[in-house]
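A.B. asks: Structural data only, the sequence is not supplied:
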């Protein structure tokens with residue numbers, strides 16, 4: 001039995017095979033081919049953080065694979081409300097075939113996985129968002145080929161997405177530049193433990209020079225809304241606009257995990273422009289997660 005809590009739970013070879021498989025499943029889906037490897041299997045979907053893309057993609061994946069899913073919001077479970085996480089893990093995992101969790105503390109996810117009898121998938125924690133990286137890597141490969149040896153720039157907060165890009169730099173073999181305001185850098189111990197070429201910047205233009213992929217995210221993630229004004233001031237010069245894209249490589253792509261705030265972290269000109277692949281990136285959440293579910297459960 002395998003879990004998927006971070007990108008490092010799979011080998012580099014396995015991840016690349018997963019990306020290739022995701023593209024195969026995408027072609028099958030677009031061709032109308034019926035493929036149901038998870039018939040009669042059930043995915044429990046535990047949401048302590050709300051989501052659009054995560055819920056729709058996982059639920060659609062299970063339906064298309066012939067299985068089913070159960071949506072559990074904080075109001076629907078005892079998880080963290082009196083019942084220990086390990087007890088919930090034992091009970092829920094005894095009734096389903098896999099568990100997807102979207103929560104705050106990464107430690108809660110790790111505890112659940114430790115006591116689960118079925119595969120557990122990280123659908124986002126405060127520290128990591130590995131499912132999004134599967135979709136991002138699939139999208140880059142479909143548009144530009146292998147990302148191995150390319151230069152990727154992350155612009156914005158050193159958040160869970162940034163941390164997963166750090167992991168991805170090692171697993172997929174690309175150089176990573178991270179541009180953040182002072183005080184918003186990613187976890188340094190994670191960088192130190194990652195075998196990849198990673199550089200930190202406080203200047204987005206300098207960080208982006210020659211980049212093959214430009215990625216950003218909202219300035220205030222879920223749970224940080226009270227910091228919105230403070231962050232708007234801190235991140236004002238870290239907006240991805242055309243001036244930033246102009247110093248990237250000519251065929252550079254732009255990605256954003258969505259939802260996006262046009263006029264804040266990215267201009268409408270960029271996210272709706274010809275270098276943006278955010279809609280393919282969003283759709284690929286479905287296909288990458290189908291490949292992951294097949295890998296873990298079939």
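C.D. replies: Received the coordinates, thanks. A quick note: this is a predicted structure, and the numbers were derived from the prediction, not measured.

A.B. asks: Pull out the buried residues from whichever strand or helix holds residue 296.
C.D. replies: Here residue 296 sits within helix 278-297, counting by DSSP states H and E. For helix 278-297, a neighbour-count test (16 or more other C-beta atoms under 10 Å) marks 278, 280-297 as buried. All C-beta spots, glycine's among them, are computed from the backbone N, C-alpha and C.

A.B. asks: Packing partners of it?
C.D. replies: Applying 3 or more C-beta pairs under 8 Å, 6 or more residues apart in numbering; DSSP states H and E, we find helix 278-297 packed against helix 12-30, helix 53-64, strand 98-102, strand 120-122, helix 130-144, strand 253-256.

A.B. asks: so the first one versus helix 278-297, what angle?
C.D. replies: What it means is helix 12-30. For helix 12-30 against helix 278-297, the angle by axes from the mean of the first three to the mean of the last three C-alpha atoms, to 10 degrees is 110 degrees.

A.B. asks: Name the surrounding residues that touch helix 12-30.
C.D. replies: With contact meaning C-beta atoms under 8 Å, 6 or more residues apart in numbering, helix 12-30 is reached by 7, 10, 35, 64, 134, 137-138, 141-142, 170-173, 284, 286-288, 290-292, 294-295.

A.B. asks: ditto for the third one
C.D. replies: Outside of strand 98-102, the residues within contact range by C-beta under 8 Å, 6+ apart are 41-49, 51, 54, 58, 89, 92-93, 108-109, 112, 116, 118-125, 293, 296-297.

A.B. asks: Just confirm residue 43 is within a strand.
C.D. replies: Yes. Per DSSP: H, G, I helix; E, B strand; the rest coil, residue 43 lies within a strand segment.

A.B. asks: Distance check, it against residue 93.
C.D. replies: For residue 43, the distance to residue 93 equals 12 Å [C-beta to C-beta, to the nearest Å].

A.B. asks: Looking at those two, which has the bigger crowd around it?
C.D. replies: Using other C-beta atoms under 10 Å as the criterion, residue 43 and residue 93 rank with residue 43 on top: 26 against 20.

A.B. asks: Identify the spatial nearest neighbour of that one, chain neighbours not counted.
C.D. replies: Leaving aside its chain neighbours, residue 43 sits nearest to residue 69 (4.5 Å; criterion: C-beta to C-beta, 6 or more residues apart in numbering).

A.B. asks: Am I right that residue 40 sits in a strand?
C.D. replies: No. Remark: residue 40 does not belong to a strand; assigned using three-state DSSP, it is coil.

A.B. asks: doesn't residue 65 make contact with it?
C.D. replies: No. Residue 40 lies out of contact with residue 65 (C-beta atoms under 8 Å); the separation is 10.5 Å.

A.B. asks: For residue 135, which residues are in contact?
C.D. replies: 281-282, 284-285, 287-289.

A.B. asks: where do the helices sit along the stretch 51-200 of the chain?
C.D. replies: 53-64, 85-93, 106-115, 130-144, 160-172, 188-192 (DSSP state H, counting those that start in this stretch).
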